[in-house]
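1. just a sequence and a predicted model for now, questions to come.
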Amino acid sequence: MPEWLYDAGPNGHWYFLLVTVVMGGLAAYATGSAIAVTWRPRWQLFVYSVLIAAAARFIPFALFEEPFLAPRSFLVDLVVLIAATTAGFWITRQRQMREQYDWLAPSADGRSVRRISN
C-alpha cells in the first residue's frame, strides 16, 4: 500500500489486510446485517462504521506500535468498512424483502421488486 495513502510501517499492508479488511470487514458486514434485521435506519450504518474504523485503527496501534491518529489511514479504513457495512445491509435487506413479501417478484435487474401480474 502506498505510504502517501496509508501511514504504516514496513508491514503495514499486512496489518491493513488482516485487521481492516478481514477482521473489520467481517465485523462491519455483521453490523450491517444486524441493522437490516432489526429494521433500523440506514444512517446508523455510518455511525457504526466509524466506531469499527476506530477499533481497526486501535488494534495495530496497540499491538504493532503503528500510528493511531493518522487521518488518511482512518479514511481508508472507513471507506473499506462502510462498503462492508453497506454490503451486509443490502444483502440482508434483499433477503428480507424476498421472504416477507413473497407476492412480489424480483425485477429484471434484481435490485428492486415488481408486482406479479395475474
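-> Happy to help now that I have it.
2. residue 48: what's it in contact with?
-> Residues near residue 48 by C-beta atoms under 8 Å, 6 or more residues apart in numbering: 28, 31, 35, 85. Quick note: C-beta positions are derived from backbone N, CA and C, even for glycine.
3. longest helix anywhere in this protein?
-> Longest helix in the chain, counting residues (DSSP state H): helix 71-100.
4. what's the spacing between the spatially closest residue to residue 24 that is not a sequence neighbour and residue 94?
-> The shortest distance from residue 24 to any non-neighbouring residue, by C-beta to C-beta, 6 or more residues apart in numbering, is to residue 56 (4.0 Å). Note on residue 56: its distance to residue 94, by C-beta to C-beta, to the nearest Å, is 26 Å.
5. what does residue 47 give?
-> Residue 47 sits 22 Å away from residue 94, going by C-beta to C-beta.
6. strands of the chain, start to end?
-> With DSSP state E applied, the chain shows strands at 104-106, 113-115, listed in chain order.
7. averaging pLDDT over each of these, which comes out lowest?
-> Mean pLDDT values for the strands of the chain show the minimum at strand 113-115, a mean of 58.
8. where does this protein have low pLDDT?
-> For the chain, the stretches flagged by pLDDT under 70 are 1-5, 7, 103-118.
9. re the thing from before, residue 47 and residue 94: who's more crowded?
-> residue 94 (16 against 11; other C-beta atoms under 10 Å).
10. relative to residue 73, how far out is that one?
-> Taking C-beta to C-beta as the measure, residue 94 falls 32 Å from residue 73.
11. okay, now residue 53: neighbour count?
-> Neighbour count of residue 53, defined by other C-beta under 10 Å: 23.
12. OK, contacts around it?
-> With contact taken as C-beta under 8 Å, 6+ apart, residue 53 is in contact with 24, 74, 77, 78, 81.
13. repeat for residue 50
-> Neighbours of residue 50 in contact, by C-beta under 8 Å, 6+ apart: residue 78.
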